[in-house]
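>>> Need a 3D model of the sequence below.
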Amino acid sequence: MSENSPRRIIIGDVHGYYQGLMTLFKAIAPTSTDQVYFLGDLIDRGPQSAQVVDFVKQNNYSCLLGNHEQMLLSVLGNKYKSNQTMHAWLYSGGQATITSYQAAQIPQEHIDWFQSLPIYLDLGDVWLTHAGVDPSKSVSEQTADELCWIRDEFHSLEQPYFHDKLIIVGHTITFSLPGVVPGQLAQGQGWLDIDTGAYHPRSGWLTGLDITNKLVYQANVFNHCVRTLPLEKAVTIIEPKKVKVSHRHKQRA
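Predicted structure coming up:
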């Protein structure tokens, strides 16, 4: 692949770590002809969710709806009433998002943008969604709940969901899957997970995947280290039968 050829770059869950994202982008150095895609969960947990959203929105980068954006929209739909939805979002890092906005007021343009985010993107040979797919349903039957939240049923796939597309997801921190060390990507039957747990103290790695050249770029949000690896050296293969008994390191939403 020529260095001047346009790249397709896919960014895992940022979770409010704007400075880490800037470090990652400096390493990737995307050009105006490169296509950049975010897998969702721009917000929550990290200190600068508002800045992350501004950056992605202002640059017109493609972005998917993540479960954290979905939780925020559910809370707003209930007008911040003190209920289970509100408590679940705050518990999952929502307070950090509120704090990142001046006067704790999320602008309507950001809310409108969240509401416009798609739940999947079909790039031909690559299919992007936040969490995965329900193996028992066709594409047309999938809902935001499945595509934003699913875990074990998807990771346990014994046959690829698509015969001609690789599904790339975030949502589930890769080291919560069996045999994966922090920072490694995880690959199963027809899928690749690139959420390396940027917010998690065991990891800190934020991942950007150049799927065109099969290169993995990573920036650590805690110690500011940067590294670039060939995809084959950055991925752990997952055996489907082990997934259901894994998740040793349970993660919150």
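>>> alpha carbons only for contacts and neighbour counts from here, please
OK.
>>> got the residue ranges for the helices in the protein?
18-28, 49-58, 67-77, 84-89, 95-100, 108-116, 144-149, 152-155, 240-243 (DSSP state H).
>>> Those helices: which one's closest to Asn213?
Minimum separation from Asn213 across the helices of the chain (C-alpha to C-alpha) falls at helix 18-28, 12.0 Å.
>>> which regions of the stretch 51-200 of the chain lie under the pLDDT threshold?
For the stretch 51-200 of the chain, residues meeting the criterion pLDDT under 70 lie at 79-82.
>>> where does the residue lying closest to Thr207 once chain neighbours are set aside land on pLDDT?
Closest residue in space to Thr207, ignoring its immediate chain neighbours: Gln218 at 4.6 Å, by C-alpha to C-alpha, 6 or more residues apart in numbering. Gln218 carries a pLDDT value of 98.
>>> I'd like to know how far Gln218 sits from Val53.
Distance, Gln218 to Val53, by C-alpha to C-alpha, to the nearest Å: 20 Å.
>>> what does Thr228 give?
Taken as C-alpha to C-alpha, the spacing of Thr228 relative to Val53 amounts to 25 Å.
>>> and what of Arg45?
Distance, Arg45 to Val53, by C-alpha to C-alpha: 14 Å.
>>> Looking at the two, which is more packed in?
Shown here are Arg45 and Val53; by other C-alpha atoms under 10 Å, Arg45 has more neighbours (24 against 20).
>>> Make sure the more buried one is actually in contact with Ser92.
Yes - contact between Arg45 and Ser92 holds when scored by C-alpha atoms under 8 Å: they sit 7.0 Å apart.
>>> Excluding chain neighbours, what is closest to Val75?
With C-alpha to C-alpha, 6+ apart as the criterion, Val75 has its nearest non-adjacent residue at 5.6 Å, and that residue is Met86.
>>> Return the distance of that neighbour relative to Thr143.
Here the distance between Met86 and Thr143 works out to 22 Å (C-alpha to C-alpha).
>>> What of Pro47?
Counting by C-alpha to C-alpha, the gap between Pro47 and Thr143 amounts to 30 Å.
>>> Can you get me a residue count around Ser5?
Residues contacting Ser5 under the criterion other C-alpha under 10 Å number 11.
>>> Give me the pLDDT for it.
On the pLDDT scale, Ser5 gets 84.
>>> ditto for Thr228
At Thr228, the model reports a pLDDT of 98.
>>> what bridges to it?
For Thr228, the beta-bridge partners are Tyr217 (DSSP bridges).
>>> Stretch 114-121: how far from the chain's middle?
Chain-centre distance of stretch 114-121: 13 Å, with C-alpha atoms, centre = their mean, to the nearest Å.
>>> for stretch 52-72, that is, sorry about that
With C-alpha atoms, centre = their mean as the basis, stretch 52-72 stands 10 Å off its chain's centre.
>>> what distance separates the start and the end of it?
Terminal residues of stretch 52-72 lie 15 Å apart, using C-alpha to C-alpha.
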